[in-house]
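> Output the structure for:
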Amino acid sequence: MITPARNHTGWWAFIVHRISGVALALFLPAHFLALGSALRGEAALDEFLLWSHQPLVVAGEYVLIVLLAAHLAGGLRLLALEFLPWRNWQKTLATLAAAFALICGLVFALAR
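Numbers count the residues shown, from 1 in each chain. All right, here's what the predicted structure looks like:
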C-alpha cells in the first residue's frame, strides 16, 4: 500500500530511477550475448541481427531507450539535488526527467 508520505513526485522519481537501473543491469547479459555473436563470426552476427528484427524485440528496444533516458535524467536530477542549493523549482526536475525519457523514446521510435 502506498502511503500519502510516499505519494509525491520525488518518491516516484526515486522508484523510476531504481527500477530503470535494475532493468538496465538485467539487460546487460543480452547485450553481451549480442557482442559475443560478433566474435563467433559474420554468420552468427547476421543470424542474431535477423532475430532482432522481430516486433517484440523492436518494442523492447523502445523500452530500453526510455529506461536509459529515465535513468540518465534521474541521475542528473539527483546530482542537481546534491550539489545545487535547494530551490522550489527543483521539484519540477522529476517531471522534466520523465518528459525527457519519453521524448527520447519517441524520437527513437520515429527515427527507426
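> CA only for contacts and neighbour counts going forward, please
OK.
> Just the buried residues of the longest helix belonging to the chain, please?
Ordering each helix of the chain by length in residues (DSSP state H) puts helix 9-39 first. Buried residues in helix 9-39, counting neighbours by 16 or more other C-alpha atoms under 10 Å, are found at 10, 13-14, 16-17, 20-21, 34, 37.
> Now the two most distant members of these.
By the measure C-alpha to C-alpha, 10 and 37 form the most distant pair in these, at 40.9 Å.
> hang on, the earlier thing: ok, of the buried residues of helix 9-39, which one's closest to residue 105?
So of the buried residues of helix 9-39, ranked by how close each gets to residue 105 (C-alpha to C-alpha), first place is residue 20, at 13.8 Å.
> Roughly how far does the closest one sit from residue 100?
Relative to residue 100, residue 20 is positioned 14 Å away (criterion: C-alpha to C-alpha, to the nearest Å).
> picking that back up, for the longest helix of the chain, enumerate the helices and strands it packs against.
helix 42-51, helix 55-83, helix 93-111 (3 or more C-alpha pairs under 8 Å, 6 or more residues apart in numbering; DSSP states H and E).
> Specify the stretch among the ones you listed that is closest to residue 3.
Evaluated over those, closeness to residue 3 peaks at helix 93-111, with 19.4 Å, by C-alpha to C-alpha.
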